[in-house]
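Colleague: Sequence first, predicted coordinates after that:
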Amino acid sequence: MTHNSNFANRILTWYDTHGRKDLPWQQAISPYRVWVSEIMLQQTQVSTVIPYFERFMQRFPDVGALAVATQDDVLHHWTGLGYYARARNLHKTADIVSSQLGGEFPLSIEGLCELPGIGRSTAGAIRSIAGGQRAAILDGNVKRVLARHAAVEGWPGTGQVHAALWDIAEERTPDVRHADYTQAMMDLGATLCTRSKPRCGDCPVAIDCAANQAGSQSMYPGKKPRKVLPVKTTRFLLVMHGENEVLLEKRPNQGIWGGLWCFPEMDIDTASIEAWCLDRLQTTPNALQELTPFRHTFSHYHLDISPVLVSIEAAPESIMETGARLWYNLRQPPSLGLAAPVVKLLKSIEQNSH
C-alpha cells in the first residue's frame with residue numbers, strides 16, 4: 001500500500017468516528033451552500049461563522065436570491081465578519097452564475113477559479129464536497145497538517161513553500177470518498193492539529209508525522225516575518241440631528257470598509273469642525289463633545305480613531321440627494337452594511353440617548 005493511500009485511509013477512518021458531521025453547511029449540500037460557507041470560513045472560525053451562515057441562508061436561500069439583492073443588504077448580513085471584499089466578490093459571483101451560467105456553478109477547478117473571490121482551494125472544496133469529484137484543498141488548517149507531517153519548512157506565504165504544500169496535498173488526495181476526505185482534513189486541522197497545544201496523542205497520522213517525531217510541532221508552518229504595523233489616525237464626526245438621527249456616508253467600493261456606511265471622516269489635524277459643518281451641511285454645530293478615542297486594527301495597519309459628537313439644529317434638505325449619505329435612525333435602523341467601529345459607536349450613542 002502506498003504512503004498516500006495509507007495516509008488517506010487513516011484520516012478517513014478517524015473521520016468516521018470523530019469528524020464533524022452536523023455543521024449547517026453539511027446539511028442539504030449544494031455548490032451554493034458549500035461556496036458561501038467556504039468564503040465565510042476564510043480567515044474566520046467555525047463557531048463565529050455558524051450563526052452568520054444560518055442568517056445568510058434564510059435571507060438568500062439560493063444564488064438567484066443573492067444575485068438580485070442590493071449590495072447594502074448583502075453587506076448588512078456580512079457586518080461583523082470582516083474582510084468585506086469577500087462579501088462584494090460573493091455578490092459579483094452570484095450575479096455571474098445567475099445571469100451568465102444559468103444559475104449553475106461550474107464544477108471544474110478552472111471554471112470555478114474564473115469567478116471573483118474563488119481561489120484554487122475554495123474551488124477544490126466546492127468540487128469535492130458538492131460535486132463528489134476528486135480535488136485537493138489547501139486551506140489554513142490543511143497547510144498546518146501537511147507542513148507538520150512532511151516537515152515543510154518556511155512560511156506558506158512564499159511561492160516555493162506554497163507550491164511544495166500543494167504538491168503534497170495533490171499527491172495525498174485519495175481516489176475515493178472525495179467529500180469526506182476534504183472535510184476530514186479540515187476537521188483534523190481544526191480539532192487536533194491546532195496551532196498551539198496540538199493533540200498528537202489522538203491523531204491518526206501522528207506515528208509518521210515528522211514534526212511529532214522531532215517534537216518540533218511549533219516550528220510548522222513557518223511564521224510570517226514580523227513587521228511593525230504602521231499607525232494611522234482619523235477623526236470620526238458623529239453628526240446628530242435631534243436625538244435619533246446620525247449622519248452616515250457610503251464609502252467607495254475600493255479601499256477599507258469598501259461599500260459600507262461610515263461616519264464622515266476628517267483628518268485629525270484639520271483645524272475646524274465648524275468650518276467642515278458650514279461647508280458640508282450649511283450650518284454650524286450647537287455643541288461638540290469629544291468621545292473616548294480607540295484603536296481599530298487591520299491586517300496591515302492600526303487606525304487610531306478619535307470620535308467627536310457634533311449636534312446640529314436643522315437637518316439640511318440637500319443632504320440626501322447624492323445617494324451616498326443618509327440620516328440613520330437609531331430607533332428604526334435600516335438594513336445597511338456598517339463598519340465594525342461604526343456599529344460600536346452607534347450602540348454607545350443609543351445607550352446615552354435613552
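Modeller: That came in fine, so what should we check first?
Colleague: From residue 66, how far off is the residue nearest to residue 210 when sequence neighbours are not counted?
Modeller: Spatially, and ignoring its direct neighbours in sequence, residue 210 is nearest to residue 151 (3.6 Å; C-beta to C-beta, 6 or more residues apart in numbering). Bear in mind the C-beta positions are built from the backbone N, C-alpha and C, glycine included. Relative to residue 66, residue 151 is positioned 42 Å away (C-beta to C-beta, to the nearest Å).
Colleague: go on, residue 172?
Modeller: From residue 172 over to residue 66 the distance is 34 Å, taken as C-beta to C-beta.
Colleague: same deal with residue 224?
Modeller: 33 Å.
Colleague: Where does the record place the domain boundaries for this protein?
Modeller: According to automatic domain parsing, the chain is divided into the following domains: 3-219, 231-353.
Colleague: Per-residue confidence, residue 321, what does it come out as?
Modeller: Listed pLDDT for residue 321 reads 57.
Colleague: so the residue nearest to residue 210 sits right up against residue 215, yeah?
Modeller: No - using C-beta atoms under 8 Å, residue 151 is not in contact with residue 215, being 11.9 Å away.
Colleague: So those two - more neighbours on which side?
Modeller: Neighbours per residue (other C-beta atoms under 10 Å) separate residue 151 from residue 215, with residue 151 holding more: 15 against 9.
Colleague: Ramachandran angles for the more buried one?
Modeller: In terms of degrees, to the nearest 10, the main-chain angles of residue 151 are phi 50, psi 60.
Colleague: cool, and residue 287?
Modeller: Torsion angles at residue 287 (phi, psi; degrees, to the nearest 10) stand at phi -150, psi 150.
Colleague: go on, the one 10 residues further on?
Modeller: Backbone torsions for residue 297, taken as degrees, to the nearest 10, come to phi -110, psi 130.
Colleague: Tell me what it is bridged to.
Modeller: Using DSSP bridges, the bridge partners assigned to residue 297 are residue 302.
Colleague: Go through the domains of the chain and pick out the most buried.
Modeller: Comparing the domains of the chain by mean neighbour count (mean count of other C-beta atoms under 10 Å), domain 3-219 comes out on top with a mean of 18.
Colleague: What average pLDDT does that one get?
Modeller: For domain 3-219, mean pLDDT rounds to 96.
Colleague: Then stretch 251-258?
Modeller: Taken as a whole, stretch 251-258 has an average pLDDT of 89.
Colleague: which residues are in contact with it?
Modeller: Contact with stretch 251-258 is made by 84-85, 88, 259-262, 298, 339, as judged by C-beta atoms under 8 Å, 6 or more residues apart in numbering.
Colleague: What about the residues you listed, which are in helices?
Modeller: Cross-referencing the contacts of stretch 251-258 against helices under DSSP state H gives 85, 88.
Colleague: So which residues of the stretch 51-200 of the chain form helices?
Modeller: Listed in chain order, the helices of the stretch 51-200 of the chain (DSSP state H, counting those that start in this stretch) span 63-68, 71-78, 85-100, 109-113, 120-125, 140-149, 159-172, 178-191.
Colleague: Select, out of the ones you listed, the one closest to residue 241.
Modeller: Proximity of the helices of the stretch 51-200 of the chain to residue 241 was assessed by C-beta to C-beta; the nearest stretch is helix 71-78, lying at 21.5 Å.
Colleague: what packs against that closest one?
Modeller: Contacts defined by 3 or more C-beta pairs under 8 Å, 6 or more residues apart in numbering; DSSP states H and E place helix 71-78 against helix 46-59, helix 85-100.
Colleague: Could you export those helices as JSON lines, including distance to residue 27?
Modeller: As requested, the helices and strands packed on helix 71-78 are arranged in JSON lines below (distance: least, C-beta to C-beta, whole Å):
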{"stretch": "helix 46-59", "distance to residue 27": "10"}
{"stretch": "helix 85-100", "distance to residue 27": "20"}
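Colleague: where along the stretch 151-300 of the chain do the strands fall?
Modeller: Residue ranges of the strands in the stretch 151-300 of the chain, as given by DSSP state E, counting those that start in this stretch, are 231-241, 245-250, 261-262, 265-266, 287-290, 294-297.
Colleague: Figure out which of those is closest to residue 7.
Modeller: Using C-beta to C-beta as the measure, strand 294-297 is the one of the strands of the stretch 151-300 of the chain that comes nearest residue 7, at 38.4 Å.
Colleague: can you list contacts of that closest one?
Modeller: By C-beta under 8 Å, 6+ apart, the list of residues contacting strand 294-297 reads 229, 302-305, 340-341, 344.
Colleague: Make a markdown table out of the residues you listed and add pLDDT and distance to residue 70.
Modeller: Shown next, in a markdown table, are those (pLDDT from 0 to 100; distance: C-beta to C-beta, whole Å):
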| residue | pLDDT | distance to residue 70 |
| --- | --- | --- |
| 229 | 91 | 34 |
| 302 | 95 | 32 |
| 303 | 96 | 27 |
| 304 | 96 | 32 |
| 305 | 96 | 27 |
| 340 | 91 | 21 |
| 341 | 94 | 23 |
| 344 | 92 | 24 |
